[in-house]
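1. Turn this into a structure:
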Amino acid sequence: MPASIDVFFEFASPYSYLAAQELPALVARHDRLLRWRPIELAKVWEEQGVLEAYKAVRRAKGRYVMRDAARVAAERGVSFVPFRSLPDATAARLVVHRLNRCAPAAAQPFLLEVWRKLFAEGADIGSSEVLACCLDPHLHPEIELAQSDTQATGDLESANRDAIALGCFGVPWIVADDETYFGQDRLYLLDRRLTRTAS
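-> Residues are numbered from 1 along each chain as shown. Presented below is the predicted three-dimensional model:
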């Protein structure tokens, strides 16, 4: 069975959102699976000793990133509503990690819908009601269960550690067969590598 492709991401990252619009179809063409691993990028930067530097960089480029992401989204026909304040993705991260373990088929549809709520509708993804709209009704209990799920918390911490070990400095951070790709604009290189690997 081919190894899965890890995607380290933040819900607040517009480039992670844009990459997610293409990744599932791209990877499916190569009969591979995605393992979506939300991380806490600020903690990754803190552990690397660059948190304050990156905070300063983000302040400087924040407006540009949103304008640029909007241009890319428009070019691709993807809905995009820039947010004005950083969304609280705490619960959403834990839900993804719990679903990865308890209901893996639901993880990708959930996170794609969370992104749609955030970037297409401008919804508050820190709200349990909004997160519930992103899951099939029979899985609604998973939202509350995730908040007290020590293994989901452990999986999040493990994702942070793995991202640090892999040299992650931004998201999306995509790892396929020990090769790393940073950003939504490197998916064509991932596609080429998977094509070569399959031949």
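
2. low-confidence ranges in the chain?
-> Counting by pLDDT under 70, the chain contains low-confidence ranges at 1.

3. how close does the residue nearest the centre of it get to residue 2?
-> Taking Cα atoms, centre = their mean, the centroid of the chain lies closest to residue 9, which sits 3.2 Å from it. Distance from residue 9 to residue 2, counting by Cβ to Cβ, to the nearest Å: 21 Å. Heads up, the C-betas are built off the backbone N, CA and C, glycines and all.

4. Over to residue 33?
-> Taking Cβ to Cβ as the criterion, residue 33 is separated from residue 2 by 8 Å.

5. before we move on, what about residue 110?
-> From residue 110 over to residue 2 the distance is 23 Å, taken as Cβ to Cβ.

6. what about the two, which has more around it?
-> Set residue 110 next to residue 2 and count neighbours by other Cβ atoms under 10 Å: residue 110 wins out with 22 against 14.

7. And the helices in this structure?
-> In the chain, the segments counted as helices under DSSP state H are 14-20, 23-29, 41-48, 51-76, 90-102, 104-119, 128-132, 141-147, 150-165, 187-198.

8. Just name the most buried of those helices.
-> Each of these was scored by mean neighbour count; the highest is helix 14-20, a mean of 23, by mean count of other Cβ atoms under 10 Å.

9. can you dump the C-alpha coordinates of that one into PDB?
-> Coordinates of each C-alpha in helix 14-20 appear next as PDB, following Å, rounded to 0.1, in the frame of the first residue of the first chain:
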ATOM      1  CA  PRO A  14      -5.200  31.200   3.100                       C
ATOM      2  CA  TYR A  15      -2.600  29.300   1.200                       C
ATOM      3  CA  SER A  16      -3.400  26.100   3.000                       C
ATOM      4  CA  TYR A  17      -7.100  26.700   2.000                       C
ATOM      5  CA  LEU A  18      -6.100  27.200  -1.600                       C
ATOM      6  CA  ALA A  19      -3.900  24.100  -1.700                       C
ATOM      7  CA  ALA A  20      -6.800  22.100  -0.200                       C
END
